[in-house]
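Asker: pasted the sequence and its predicted model underneath.
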Amino acid sequence: SAVISQKPSRDICQRGTSLTIQCQVDSQVTMMFWYRQQPGQSLTLIATANQGSEATYESGFVIDKFPISRPNLTFSTLTVSNMSPEDSSIYLCSVQSPSYEQYFGPGTRLTVT
Amino acid sequence: AQSVTQLDSQVPVFEEAPVELRCNYSSSVSVYLFWYVQYPNQGLQLLLKYLSGSTLVKGINGFEAEFNKSQTSFHLRKPSVHISDTAEYFCAASSQGAQKLVFGQGTRLTINP
């Protein structure tokens, strides 16, 4: 199984600012995924990040709001831009193993005031 | 598009009682199915998965699930629950060949002494 770490674990940010979340994996992976979990709700996929190419965004999510970088096979960042209180969520990154299991990071709990 | 429905948002049970958490998926094509558990203030942990083969899948912590293609269901069961099983449980699906997961809405399992 993959070990995934995220930074920061939590943050409180002011409206209109941006926050960059880092995701580090202990092994090389082709694809990394970013999910959002709004308070009391399930997980929704934001985008898929493939090393060496632009991220693929799901319906309802756009690059200007959630820019993603994938500089190498073990690291990715997600930026939440121009934040509003509606962006208050847990953001999780994940990777998939060759046996189709997805492993998740511990999440970043974001509160926007 | 794939969708996953968890039929119960909350399930309260007494300790040592059996429990079943229900999950239905929509796709008529081949699908991979997963159950994840999220303990309070923690990330997601994979309980079990179904890719192919035997329809009864055993996972960690005494949980098992049965894949039923005709009913498009993948219900999670445990014969005797413990206080420590109190958590949110998520059913998820991905179409074969696709990596992204679609999650159900989650079921909050509460164990009463």
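Answerer: Now that the structure is in, tell me what you want to look at.

Asker: for the rest of this, base every contact and every neighbour count on C-alpha atoms.
Answerer: Fine.

Asker: now tell me what touches the helix or strand encompassing residue B:94 from outside.
Answerer: Counting by DSSP states H and E, the element that carries residue B:94 is strand B:87-95. Around strand B:87-95, the neighbours that count as contacts under C-alpha atoms under 8 Å, 6 or more residues apart in numbering or on different chains are A:42, B:2-4, B:6, B:23, B:25, B:27, B:29-40, B:100-110.

Asker: and the residue of chain A nearest chain B?
Answerer: Per C-alpha to the nearest C-alpha, the residue of chain A with the smallest distance to chain B is residue A:106, at 4.4 Å.

Asker: SS state for that residue?
Answerer: Under the three-state scheme (DSSP: H, G, I helix; E, B strand; the rest coil), the conformation of residue A:106 reads as coil.

Asker: tell me the residues of chain B that contact chain A?
Answerer: B:42-46, B:49, B:90, B:99-106 (C-alpha under 8 Å from any C-alpha of the partner chain).

Asker: narrow these to those that are buried.
Answerer: Restricting the residues of chain B next to chain A to buried positions leaves B:43-46, B:49, B:90, B:99-106, with burial counted as 16 or more other C-alpha atoms under 10 Å in any protein chain shown.

Asker: pipe these into CSV and attach distance to residue A:83 and secondary structure per row.
Answerer: As requested, those are exported to CSV (distance: C-alpha to C-alpha, whole Å; DSSP: H, G, I helix; E, B strand; the rest coil):
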residue, distance to residue A:83, secondary structure
B:43, 23, coil
B:44, 25, strand
B:45, 29, strand
B:46, 31, strand
B:49, 36, strand
B:90, 28, strand
B:99, 29, coil
B:100, 26, coil
B:101, 26, coil
B:102, 25, strand
B:103, 25, strand
B:104, 26, coil
B:105, 25, coil
B:106, 26, coil
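
Asker: would you mind putting these into a markdown table with pLDDT alongside?
Answerer: Written out in a markdown table, the entries for these read as follows (pLDDT from 0 to 100):
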| residue | pLDDT |
| --- | --- |
| B:43 | 85 |
| B:44 | 91 |
| B:45 | 93 |
| B:46 | 93 |
| B:49 | 94 |
| B:90 | 96 |
| B:99 | 74 |
| B:100 | 82 |
| B:101 | 89 |
| B:102 | 91 |
| B:103 | 94 |
| B:104 | 95 |
| B:105 | 94 |
| B:106 | 95 |
